[in-house]
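1. when you get a sec, could you give me coordinates for this:
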Amino acid sequence: MEFKETMLCNTHTKKADPTMEWEVLRAIAGFMNSYEGGTLLIGVEDKERKPMGLERDFRLIPGKNIDVFLQHLTRVLNDGLTGLAALNSRSLIPDCPDELLV
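-> Next up, the predicted model:
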């Protein structure tokens, strides 16, 4: 299991940063290269495993909601992975009472 605080927002500069999307792709590609696969939680701080939510990313996308975020995530996966690899991934929204995670 891996954790990423954001998919779009650089947590240091608080601005959009394309390298954040590459970090998500890198993690997912790593899971696809392993026998067991894996889980990536976006919106969770890595060291403390603290739920941070997706609000920082929402501010950087039109619509500012989970549907648009999931569409963007799907587009990132389709553009960054081969067709079959993208089809073998799925996005879920876990139940977290205080923060929205993917």
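
2. and the strands in the chain, which stretches?
-> Here the chain has its strands, by DSSP state E, at 2-4, 40-42.

3. buried residues in stretch 48-64?
-> Neighbour-count burial for stretch 48-64 flags 51, 52, 53, 54, 56, 57, 58, 60, 61 (criterion: 16 or more other Cβ atoms under 10 Å). C-beta coordinates here come from the backbone N, C-alpha and C atoms, glycine included.

4. mind checking how far residue 70 is from residue 47?
-> Applying Cβ to Cβ, to the nearest Å, the value for residue 70 to residue 47 is 26 Å.

5. same question for residue 69.
-> The spacing between residue 69 and residue 47, counted by Cβ to Cβ, is 24 Å.

6. cool, and residue 23?
-> Taking Cβ to Cβ as the measure, residue 23 falls 15 Å from residue 47.

7. those two - which one has more neighbours?
-> Remark: of residue 23 and residue 47, residue 23 carries more neighbours, 15 against 6, as counted by other Cβ atoms under 10 Å.

8. OK, contacts around the closest residue to the more buried one other than its chain neighbours?
-> Closest residue in space to residue 23, ignoring its immediate chain neighbours: residue 4 at 6.3 Å, by Cβ to Cβ, 6 or more residues apart in numbering. By Cβ atoms under 8 Å, 6 or more residues apart in numbering, the residues touching residue 4 are 20, 23, 24, 27, 40, 41, 42, 43, 44, 46.

9. ok, the residue of the chain most remote from its centre to residue 2 distance?
-> In the chain, the greatest distance from the average C-alpha position (Cα atoms, centre = their mean) is reached by residue 35, at 21.2 Å. Separation of residue 35 from residue 2 (Cβ to Cβ): 16 Å.
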